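> Below is the structure, and that's it, no one-letter string:
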């Protein structure tokens, strides 16, 4: 019964319904229909990507199609699309690679929630710009062992009496009166 239904369904497959049919065939474990629909999708994968048809499929089915594409590529071009070169290099240089000090990826020791609890909390009123938090001397990332650094200086708001008078650079600014006189002279000369 499955084979008869599958053969009838395959007659009506096109780009508009292949993803929905593939999803349903995978759900009902119709392996032969799934394999034929995967073959159709592999041949038309560029069109499916262009029309954004693959976005409706769940992640596990996308992974399954990805594996099918990889297998098809390795069947058509076994040396360039397979792990042939990697396997051969590992056979030849695997001992040397095991002697190298390459850090391994490890599992997280803290969850993201735990790290957020360790972060210092501060409240910022709405509408004000964020103010960077000052670090204490012991938290300084450039602190060296055995060398003490001076305590951090807290910025104070300057008052008008604390601001020194500006030094003159020798140039006098041109005021509006002089600008008007220069403009009047320019107009009268060029007439």
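Great, that's in hand. Because the structure is predicted, anything quoted here is derived from the model rather than measured.

> List the contacts of residue 102.
Listed by CB atoms under 8 Å, 6 or more residues apart in numbering, the contact set of residue 102 is empty. Glycine gets a C-beta too; all of them are placed from N, C-alpha and C.

> From residue 10, how far out is it?
49 Å (CB to CB, to the nearest Å).

> before we move on, what about residue 58?
22 Å.

> same check, this time on residue 86
For residue 86, the distance to residue 10 (CB to CB) stands at 37 Å.

> Look at the two and report which has more neighbours.
It is residue 10, of residue 86 and residue 10, that has more neighbours when counted by other CB atoms under 10 Å, with 14 against 9.

> can you tell me the distance between the two ends of stretch 97-105?
Stretch 97-105 stretches 16 Å from its first residue to its last (CA to CA, to the nearest Å).

> got any ranges where the protein has weak pLDDT?
106-188, 190-191 (pLDDT under 70).

> Can you list the neighbours in contact with stretch 4-17?
Here stretch 4-17 has contacts from 21, 25, 30, 32-33, 36-37, 40, 44, 47-48, 51, 53, using CB under 8 Å, 6+ apart.

> Show me how to select, in PyMOL, the buried members of the residues you listed.
In PyMOL, this line selects whichever of those come out buried by 16 or more other CB atoms under 10 Å:
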select buried, resi 21+25+30+33+36+37+40+44+48+53
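
> Farthest-apart pair in the contacts of stretch 4-17, please.
32 and 51 (26.0 Å; CB to CB).

> OK, contacts around residue 34?
Residue 34 touches 22, 25-26, counting by CB under 8 Å, 6+ apart.

> so it is in which element?
Assigned by DSSP states H and E, residue 34 belongs to helix 31-43.

> Specify the next element, helix or strand, located C-terminal of that helix.
Following helix 31-43 in sequence, per DSSP H and E, is helix 45-50.

> who does that next one touch, helix- and strand-wise?
Packed against helix 45-50 by the contact rule (3 or more CB pairs under 8 Å, 6 or more residues apart in numbering; DSSP states H and E) you find no helix or strand.
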